[in-house]
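Visitor: I need the structure of the sequence given here:
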Amino acid sequence: MKRATLILFALTLSLSVFAQNSEKMENSTNKLAVLWTSDDPDLAEKMAFMYTYNAKRQGWFDEVVLVIWGPSAKLASENQMIQDYLKKMKEAGVKIEACLYCAKMYGVDEKLKELGVDVKGMGIPLSEYLKDDRWKTLSL
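Guide: Prediction:
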């Protein structure tokens with residue numbers, strides 16, 4: 001039952017994304033910061049990454065940042081599918097940042113740097129994203 005529900009949700013989400021691809025958004029001057037904290041690869045691929053990638057590629061937001069925080073840092077350092085998707089997002093113009101302290105707790109800071117992730121203290125940058133009216137934030 002859980003699997004059928006998940007498949008139905010993913011199908012519905014992907015169809016809605018494809019339906020939106022044919023329309024251009026007006027006044028897309030906003031910025032999007034996606035805070036990715038989950039160690040669930042399905043959530044990463046089928047929600048966090050799909051939306052983040054398309055938000056940039058489709059021009060829904062002018063600037064898009066993916067922030068890797070907590071358990072997602074470990075997953076990003078170990079999972080090839082996640083690494084491939086991160087590379088694809090970077091190539092599309094998504095800025096990818098990671099919390100230095102989280103990455104150090106998992107011992108993956110150097111691996112994330114090798115993947116081209118901007119690993120740094122994120123307390124102040126995240127606070128700025130949250131306080132600045134030009135930024136919309138999404139936490140997953």
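Visitor: Okay, and the closest residue to residue 68 other than its chain neighbours sits in which element?
Guide: The spatially closest residue to residue 68, leaving aside those adjacent along the chain, is residue 98, at 3.9 Å (C-beta to C-beta, 6 or more residues apart in numbering). In short, each C-beta sits where N, CA and C put it, glycine included. Assessed by DSSP states H and E, residue 98 sits inside strand 95-99.
Visitor: buried sites along that strand?
Guide: Buried residues in strand 95-99, defined by neighbour count with 16 or more other C-beta atoms under 10 Å: 96, 97, 98, 99.
Visitor: Kindly report the same for stretch 101-116.
Guide: 102, 103, 106, 108, 109, 111, 112, 115.
Visitor: distance of the closest residue to residue 106 other than its chain neighbours from residue 36?
Guide: Closest residue to residue 106 apart from its sequence neighbours, by C-beta to C-beta, 6+ apart: residue 74 at 4.2 Å. Remark: distance between residue 74 and residue 36 (C-beta to C-beta, to the nearest Å) = 12 Å.
Visitor: So for these two, which residue has more residues nearby?
Guide: Neighbour count, other C-beta atoms under 10 Å: between residue 74 and residue 36, residue 36 has more, with 27 against 19.
Visitor: who's residue 34 bridged to?
Guide: Under DSSP bridges, the beta-bridge partners of residue 34 are residue 66, residue 138.
Visitor: and it, how many neighbours?
Guide: Residue 34 has 25 neighbouring residues, counting by other C-beta under 10 Å.
Visitor: And residue 47, by the same measure?
Guide: In terms of burial, residue 47 registers 19 neighbours under the definition other C-beta under 10 Å.
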